[in-house]
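Peer 1: the amino acid sequence is not available; the structure is as follows:
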(Lines give C-alpha, C1' and ligand atoms only; values in the text may rest on other atoms or scores of the structure.)
Protein backbone atom coordinates (compact mmCIF):
# COMPACT_ATOMS: atom_id res chain seq x y z
CA UNK A 1 0.00 0.00 0.00
CA UNK A 2 1.48 3.43 -0.91
CA UNK A 3 1.71 6.21 1.69
CA UNK A 4 -1.47 8.25 1.98
CA UNK A 5 -1.57 11.90 0.80
CA UNK A 6 -0.62 14.65 3.27
CA UNK A 7 -4.22 15.83 3.50
CA UNK A 8 -5.26 12.43 4.87
CA UNK A 9 -2.30 12.34 7.26
CA UNK A 10 -3.42 15.65 8.72
CA UNK A 11 -6.77 14.11 9.69
CA UNK A 12 -4.91 12.17 12.40
CA UNK A 13 -2.86 15.06 13.79
CA UNK A 14 -5.07 15.26 16.89
CA UNK A 15 -4.03 11.79 18.07
CA UNK A 16 -1.42 11.86 20.83
CA UNK A 17 -1.33 8.10 21.34
CA UNK A 18 -0.81 5.01 19.19
CA UNK A 19 1.32 7.15 16.87
CA UNK A 20 3.42 4.21 15.69
CA UNK A 21 0.27 2.27 14.79
CA UNK A 22 -1.23 5.27 12.99
CA UNK A 23 1.98 6.15 11.18
CA UNK A 24 2.59 2.55 10.10
CA UNK A 25 -0.71 2.69 8.19
CA UNK A 26 -0.26 6.24 6.89
CA UNK A 27 3.23 5.33 5.63
CA UNK A 28 1.79 2.37 3.72
CA UNK A 29 3.66 -0.24 5.75
CA UNK A 30 0.81 -2.13 7.42
CA UNK A 31 -2.93 -1.99 7.91
CA UNK A 32 -5.46 -0.06 5.83
CA UNK A 33 -6.84 3.46 5.58
CA UNK A 34 -10.50 4.10 4.68
CA UNK A 35 -11.73 7.58 3.83
CA UNK A 36 -15.00 9.48 4.10
CA UNK A 37 -14.61 12.09 1.39
CA UNK A 38 -11.89 14.56 2.34
CA UNK A 39 -13.15 15.15 5.87
CA UNK A 40 -12.64 11.95 7.87
CA UNK A 41 -10.80 8.65 7.74
CA UNK A 42 -10.16 5.44 9.61
CA UNK A 43 -6.91 3.59 10.19
CA UNK A 44 -7.35 -0.14 10.76
CA UNK A 45 -4.43 -2.20 12.03
CA UNK A 46 -4.70 -5.36 14.10
CA UNK A 47 -7.33 -4.86 16.79
CA UNK A 48 -7.51 -1.10 16.30
CA UNK A 49 -9.95 1.05 14.33
CA UNK A 50 -8.64 4.61 14.77
CA UNK A 51 -10.83 7.52 13.69
CA UNK A 52 -9.65 10.92 12.46
CA UNK A 53 -10.96 14.14 10.97
CA UNK A 54 -14.33 15.81 11.32
CA UNK A 55 -16.88 13.86 13.34
CA UNK A 56 -20.38 13.05 12.16
CA UNK A 57 -22.77 10.13 12.45
CA UNK A 58 -22.66 9.71 8.65
CA UNK A 59 -18.87 9.53 8.70
CA UNK A 60 -18.92 7.01 11.56
CA UNK A 61 -21.43 4.75 9.78
CA UNK A 62 -19.35 4.80 6.60
CA UNK A 63 -16.01 4.26 8.31
CA UNK A 64 -17.23 1.56 10.71
CA UNK A 65 -19.63 -0.79 8.92
CA UNK A 66 -21.06 -3.53 11.11
CA UNK A 67 -19.09 -6.17 9.19
CA UNK A 68 -15.85 -4.70 10.59
CA UNK A 69 -16.94 -4.77 14.23
CA UNK A 70 -15.95 -8.25 15.32
CA UNK A 71 -14.96 -9.45 18.81
CA UNK A 72 -11.95 -7.74 20.34
CA UNK A 73 -12.04 -4.66 18.13
CA UNK A 74 -10.93 -1.46 19.86
CA UNK A 75 -12.36 1.87 18.69
CA UNK A 76 -10.03 4.83 19.13
CA UNK A 77 -11.39 8.32 18.37
CA UNK A 78 -9.41 11.50 18.87
CA UNK A 79 -10.21 13.33 22.10
CA UNK A 80 -13.11 15.15 20.47
CA UNK A 81 -16.66 15.50 21.86
CA UNK A 82 -18.08 15.16 18.35
CA UNK A 83 -16.67 11.67 17.87
CA UNK A 84 -17.70 10.64 21.38
CA UNK A 85 -21.25 11.84 20.73
CA UNK A 86 -21.41 9.94 17.42
CA UNK A 87 -20.14 6.74 19.04
CA UNK A 88 -22.62 6.95 21.92
CA UNK A 89 -25.45 7.80 19.52
CA UNK A 90 -24.77 4.73 17.40
CA UNK A 91 -23.83 2.13 19.99
CA UNK A 92 -25.54 3.30 23.17
CA UNK A 93 -25.09 0.93 26.10
CA UNK A 94 -22.97 -1.43 23.97
CA UNK A 95 -20.09 1.06 24.10
CA UNK A 96 -17.67 0.32 26.93
CA UNK A 97 -14.87 2.70 27.83
CA UNK A 98 -11.37 1.21 27.69
CA UNK A 99 -8.92 4.09 28.04
CA UNK A 100 -5.28 3.37 27.32
CA UNK A 101 -2.18 4.91 28.84
CA UNK A 102 0.72 5.81 26.61
CA UNK A 103 4.27 5.75 27.96
CA UNK A 104 7.34 7.78 27.09
CA UNK A 105 10.51 5.93 26.14
CA UNK A 106 12.68 9.02 26.76
CA UNK A 107 13.81 7.90 30.26
CA UNK A 108 14.78 4.37 29.13
CA UNK A 109 18.42 3.37 29.40
CA UNK A 110 20.23 0.42 27.89
CA UNK A 111 21.82 -0.42 31.24
CA UNK A 112 18.49 -0.62 33.04
CA UNK A 113 16.92 -2.71 30.30
CA UNK A 114 19.91 -5.06 30.30
CA UNK A 115 19.36 -5.88 33.97
CA UNK A 116 15.93 -7.28 33.05
CA UNK A 117 17.29 -9.24 30.09
CA UNK A 118 19.96 -10.82 32.28
CA UNK A 119 17.78 -11.67 35.27
CA UNK A 120 15.56 -14.46 33.97
CA UNK A 121 15.13 -17.25 36.53
CA UNK A 122 16.81 -20.63 36.17
CA UNK A 123 15.15 -22.94 33.69
CA UNK A 124 14.23 -20.17 31.24
CA UNK A 125 16.13 -19.00 28.17
CA UNK A 126 15.77 -15.85 26.09
CA UNK A 127 15.79 -16.38 22.32
CA UNK A 128 15.25 -14.32 19.19
CA UNK A 129 12.21 -15.78 17.46
CA UNK A 130 12.55 -17.46 14.09
CA UNK A 131 9.64 -18.77 12.05
CA UNK A 132 9.38 -22.17 13.85
CA UNK A 133 9.35 -20.52 17.28
CA UNK A 134 6.92 -17.83 16.12
CA UNK A 135 4.57 -20.64 15.06
CA UNK A 136 3.96 -21.23 18.78
CA UNK A 137 2.33 -17.81 19.13
CA UNK A 138 -1.40 -18.16 19.61
CA UNK A 139 -4.31 -17.21 21.89
CA UNK A 140 -2.38 -18.16 25.03
CA UNK A 141 0.33 -15.65 24.11
CA UNK A 142 -1.80 -12.72 22.96
CA UNK A 143 -1.36 -9.93 22.07
CA UNK A 144 1.31 -10.58 19.48
CA UNK A 145 2.41 -9.36 16.08
CA UNK A 146 0.84 -12.19 14.10
CA UNK A 147 -2.52 -10.59 14.94
CA UNK A 148 -1.52 -7.47 13.01
CA UNK A 149 0.81 -8.73 10.26
CA UNK A 150 -0.23 -10.76 7.22
CA UNK A 151 2.47 -13.40 7.79
CA UNK A 152 5.26 -14.49 10.11
CA UNK A 153 7.79 -13.32 7.52
CA UNK A 154 6.23 -9.84 7.46
CA UNK A 155 6.33 -9.59 11.26
CA UNK A 156 9.94 -10.73 11.59
CA UNK A 157 11.11 -8.49 8.75
CA UNK A 158 9.68 -5.40 10.45
CA UNK A 159 11.68 -5.82 13.68
CA UNK A 160 13.06 -8.69 15.76
CA UNK A 161 10.79 -10.64 18.07
CA UNK A 162 12.01 -12.22 21.30
CA UNK A 163 10.71 -15.09 23.36
CA UNK A 164 11.37 -16.96 26.56
CA UNK A 165 11.61 -20.73 26.33
CA UNK A 166 10.90 -23.24 29.06
CA UNK A 167 12.42 -26.34 27.54
CA UNK A 168 11.18 -26.25 23.96
CA UNK A 169 8.00 -24.37 24.82
CA UNK A 170 7.52 -20.66 24.14
CA UNK A 171 6.07 -19.23 27.36
CA UNK A 172 6.57 -15.47 26.91
CA UNK A 173 7.00 -13.23 23.88
CA UNK A 174 7.61 -9.64 22.87
CA UNK A 175 6.83 -8.98 19.24
CA UNK A 176 6.47 -5.97 16.93
CA UNK A 177 2.77 -5.15 16.64
CA UNK A 178 3.50 -2.33 14.17
CA UNK A 179 6.56 -0.60 12.75
CA UNK A 180 6.74 2.97 11.50
CA UNK A 181 9.70 5.00 10.29
CA UNK A 182 10.28 6.22 13.83
CA UNK A 183 9.28 3.41 16.14
CA UNK A 184 7.96 -0.03 17.00
CA UNK A 185 4.70 -0.65 18.88
CA UNK A 186 5.60 -3.61 21.06
CA UNK A 187 3.27 -6.36 22.25
CA UNK A 188 4.14 -8.40 25.34
CA UNK A 189 2.54 -11.57 26.64
CA UNK A 190 3.23 -14.40 29.11
CA UNK A 191 1.51 -17.77 29.31
CA UNK A 192 -0.76 -17.86 32.36
CA UNK A 193 1.15 -20.80 33.87
CA UNK A 194 4.42 -18.84 33.91
CA UNK A 195 3.37 -15.39 35.10
CA UNK A 196 4.88 -13.64 38.10
CA UNK A 197 8.46 -14.76 37.35
CA UNK A 198 9.84 -11.71 35.57
CA UNK A 199 9.60 -13.21 32.09
CA UNK A 200 7.63 -10.34 30.56
CA UNK A 201 10.17 -7.84 31.84
CA UNK A 202 13.07 -9.76 30.36
CA UNK A 203 11.57 -10.30 26.95
CA UNK A 204 10.15 -6.77 26.66
CA UNK A 205 13.47 -5.27 27.67
CA UNK A 206 15.18 -7.22 24.88
CA UNK A 207 13.05 -5.64 22.16
CA UNK A 208 13.08 -2.18 23.78
CA UNK A 209 16.88 -2.35 23.99
CA UNK A 210 17.10 -3.28 20.30
CA UNK A 211 14.88 -0.31 19.43
CA UNK A 212 17.09 2.11 21.35
CA UNK A 213 20.18 0.77 19.57
CA UNK A 214 18.47 1.49 16.23
CA UNK A 215 17.34 4.97 17.23
CA UNK A 216 13.69 3.87 17.27
CA UNK A 217 10.96 4.64 19.81
CA UNK A 218 9.84 1.41 21.55
CA UNK A 219 6.20 2.44 21.90
CA UNK A 220 4.24 1.06 24.85
CA UNK A 221 0.45 1.48 25.13
CA UNK A 222 -1.44 -0.27 27.91
CA UNK A 223 -5.00 -0.58 29.19
CA UNK A 224 -4.50 -3.20 31.88
CA UNK A 225 -2.81 -2.40 35.23
CA UNK A 226 -0.23 -5.20 34.97
CA UNK A 227 1.12 -3.87 31.68
CA UNK A 228 1.17 -0.32 33.07
CA UNK A 229 3.20 -1.38 36.11
CA UNK A 230 5.64 -3.30 33.92
CA UNK A 231 6.25 -0.24 31.74
CA UNK A 232 7.15 1.80 34.81
CA UNK A 233 9.48 -0.91 36.16
CA UNK A 234 11.33 -0.99 32.85
CA UNK A 235 11.90 2.75 33.15
CA UNK A 236 9.23 4.25 30.89
CA UNK A 237 7.74 7.61 31.79
CA UNK A 238 4.02 8.24 32.04
CA UNK A 239 2.41 9.70 28.92
CA UNK A 240 -1.12 10.88 28.09
CA UNK A 241 -4.32 8.86 28.25
CA UNK A 242 -5.94 7.78 24.99
CA UNK A 243 -9.70 7.42 24.58
CA UNK A 244 -10.58 3.85 23.71
CA UNK A 245 -13.75 1.76 23.52
CA UNK A 246 -14.82 -1.81 22.99
CA UNK A 247 -18.31 -3.07 22.22
CA UNK A 248 -20.40 -5.13 24.58
CA UNK A 249 -21.82 -8.30 23.04
CA UNK A 250 -25.49 -8.08 22.07
CA UNK A 251 -27.41 -10.59 24.23
CA UNK A 252 -29.21 -13.37 22.41
CA UNK A 253 -32.95 -13.66 22.96
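Peer 2: All right, it came through fine. What you see is a predicted model, and the numbers here were worked out from it, not measured in a lab.

Peer 1: where are the low-confidence patches of the stretch 1-150 of the chain?
Peer 2: Counting by pLDDT under 70, the stretch 1-150 of the chain shows no low-confidence range.

Peer 1: for it, just list every one of the strands.
Peer 2: Secondary structure of the stretch 1-150 of the chain by DSSP state E, counting those that start in this stretch: the strands cover 32-36, 40-45, 48-53, 74-76, 95-97, 100-104, 125-128.

Peer 1: same for the fifth one, what does it pack against?
Peer 2: Helices and strands touching strand 95-97, by 3 or more C-beta pairs under 8 Å, 6 or more residues apart in numbering; DSSP states H and E, are strand 245-247. Bear in mind the C-beta positions are built from the backbone N, C-alpha and C, glycine included.

Peer 1: before we move on, back to that, make CSV out of the strands of the stretch 1-150 of the chain and add distance to residue 19.
Peer 2: As requested, the strands of the stretch 1-150 of the chain are exported to CSV (distance: least, C-beta to C-beta, whole Å):
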stretch, distance to residue 19
strand 32-36, 15
strand 40-45, 11
strand 48-53, 10
strand 74-76, 12
strand 95-97, 21
strand 100-104, 8
strand 125-128, 26
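
Peer 1: now render the ones you listed as TSV, adding distance to residue 20 and mean neighbour count.
Peer 2: Shown next, in TSV, are the strands of the stretch 1-150 of the chain (distance: least, C-beta to C-beta, whole Å; neighbours: other C-beta atoms under 10 Å):
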stretch	distance to residue 20	mean neighbour count
strand 32-36	15	17
strand 40-45	10	24
strand 48-53	11	25
strand 74-76	13	22
strand 95-97	23	13
strand 100-104	10	20
strand 125-128	21	14
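
Peer 1: mind checking those for the one nearest to residue 179?
Peer 2: With respect to residue 179, and counting by C-beta to C-beta, the nearest of these is strand 40-45 at 10.8 Å.

Peer 1: ok, that closest one: who's next to it in the sheet?
Peer 2: Using DSSP bridges, strand 40-45 pairs in its sheet with strand 32-36 (antiparallel), strand 48-53 (antiparallel).

Peer 1: among these, which is nearest residue 241?
Peer 2: strand 48-53 (15.1 Å).

Peer 1: who's in contact with that closest one?
Peer 2: Contact with strand 48-53 is made by 11-15, 18, 21-22, 36, 39-44, 59-60, 63-64, 68, 73-78, 83, as judged by C-beta atoms under 8 Å, 6 or more residues apart in numbering.

Peer 1: ok so, going back, would you list the strands paired with strand 40-45 in a markdown table and tack on distance to residue 159?
Peer 2: Listed next are the strands paired with strand 40-45 as a markdown table, based on distance: least, C-beta to C-beta, whole Å:
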| stretch | distance to residue 159 |
| --- | --- |
| strand 32-36 | 20 |
| strand 48-53 | 18 |
